[in-house]
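[1] The following comprises the amino acid sequence and a computationally predicted model.
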Amino acid sequence: MSLPADLEPAVRDPRKLRRTAWILVGIMVLGGTLVYNAYEKWATRQTTDTRPNFVHQIRKEHDLRVVRQDGKTADLFDPRGGVWVVHVMVLTQPETSRRSMEVMKRVAEKHAGNDDLKLVSLVVDAPAPETAAATLAEHAREMDMELPQWWLCATDPATAHKFIKNQLKAAVFPHRENDGWKFDASIVLIDRAGHIRRAVVPSRKGGAPYIAGFDFDQAAKWDHEDIITGTGRSNVEELEGLLNATIATLLEESPTER
């Protein structure tokens, strides 16, 4: 297609061009200000929001089938609807999870008779299948782990170790080292919908909040290093207080609340 013979180039008006440019600059400045203000409001809410942090959801297809101390086979966290307090232990080395076990016992006592709260001690060094029920029953009696509130359970070690790392989000994959077991003895909280939750501690200086896992061995290490909390309580005491407060929050939540 040919262009008309009388076609002439448009004459540009510098004043109109400058006005258009300033309008665009104004729009960009206003837009940036609105975005910044929205971010500031969001950040402020985040620094004061103490709802337990969401880490990961354990879906039903990733659940773990275990043998309990009564010899029955059950799926962990099924049926859903309750709050679960979980930790990992070694039957042949109970001292390696001593601190978390002491806390678990106090939680069990505090919530005795509450059907909405279940405690689970998952064994790293599972006994042979033919002796598993008897071995678990013996240890459960020694440690006062009573059903239906407190499960002492085990399953195939390879499956359990993978579940502990991938689903419970442990900091350490369970493994043997120097004739002993290395594993993460932290307590894990799981809400009614299967979400792993951790405590949120607002920053005193207005910065990002601290997300606290329930690692009582680490808290004891801080106490040994004379790292103070500023509250008059030890790090272990402070962490146990956070654990209990988080449990209380999760018990009040509905399964769909997020």
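    Structure's in. What do you need?

[2] Break down the stretch 51-200 of the chain into its helices, ranges please.
    For the stretch 51-200 of the chain, the helices defined by DSSP state H, counting those that start in this stretch occupy 98-110, 132-142, 157-166.

[3] First-to-last residue distance for stretch 219-230?
    End-to-end distance for stretch 219-230: 14 Å, by CA to CA, to the nearest Å.

[4] a markdown table for the helices of the stretch 51-200 of the chain, including mean pLDDT and mean neighbour count?
    Just so you know, the C-beta spots here come from the backbone N, C-alpha and C atoms, and that holds for glycine as well. Shown next, in a markdown table, are these (pLDDT from 0 to 100; neighbours: other CB atoms under 10 Å):
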| stretch | mean pLDDT | mean neighbour count |
| --- | --- | --- |
| helix 98-110 | 96 | 17 |
| helix 132-142 | 96 | 17 |
| helix 157-166 | 96 | 16 |
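
[5] Which stretch among those approaches residue 234 most closely?
    With CB to CB as the criterion, residue 234 lies closest to helix 98-110 of the helices of the stretch 51-200 of the chain, at 11.9 Å.

[6] Residue 66 reaches residue 156, doesn't it?
    No. Contact criterion CB atoms under 8 Å: residue 66 and residue 156 do not qualify, at 9.6 Å.

[7] Those two: which has the busier surroundings?
    Using other CB atoms under 10 Å, the more surrounded residue of residue 66 and residue 156 is residue 66, with 25 against 15.

[8] Just give the nearest non-adjacent residue to the more buried one, would you?
    Once flanking residues are discounted, residue 66 sits nearest to residue 153: 3.8 Å by CB to CB, 6 or more residues apart in numbering.

[9] Quick check, pLDDT for that neighbour.
    pLDDT recorded at residue 153 is 96.

[10] Count the residues that sit near it.
    Around residue 153 there are 25 residues (other CB under 10 Å).

[11] What residues does it make contact with?
    Counting by CB atoms under 8 Å, 6 or more residues apart in numbering, residue 153 touches 66, 67, 68, 69, 74, 76, 120, 121, 122, 123, 136.

[12] rerun that using 7 Å as the cut-off
    Taking CB atoms under 7 Å, 6 or more residues apart in numbering, we find residue 153 in contact with 66, 67, 68, 120, 122, 123.

[13] low-confidence ranges in the stretch 101-250 of the chain?
    Scanning the stretch 101-250 of the chain for pLDDT under 70 picks out the ranges 204-206.

[14] switch the cut-off to 90
    178-179, 200-212, 227-232 (pLDDT under 90).

[15] Tell me how far residue 127 lies from residue 67.
    9 Å (CB to CB, to the nearest Å).

[16] now do residue 84
    For residue 84, the distance to residue 67 - CB to CB - is 18 Å.

[17] now residue 149
    Residue 149 is 18 Å from residue 67, by CB to CB.

[18] Which stretches in the stretch 51-200 of the chain count as strands?
    In the stretch 51-200 of the chain, the strands defined using DSSP state E, counting those that start in this stretch lie at 53-57, 65-68, 73-75, 83-89, 117-123, 150-154, 175-177, 180-182, 188-190, 195-201.
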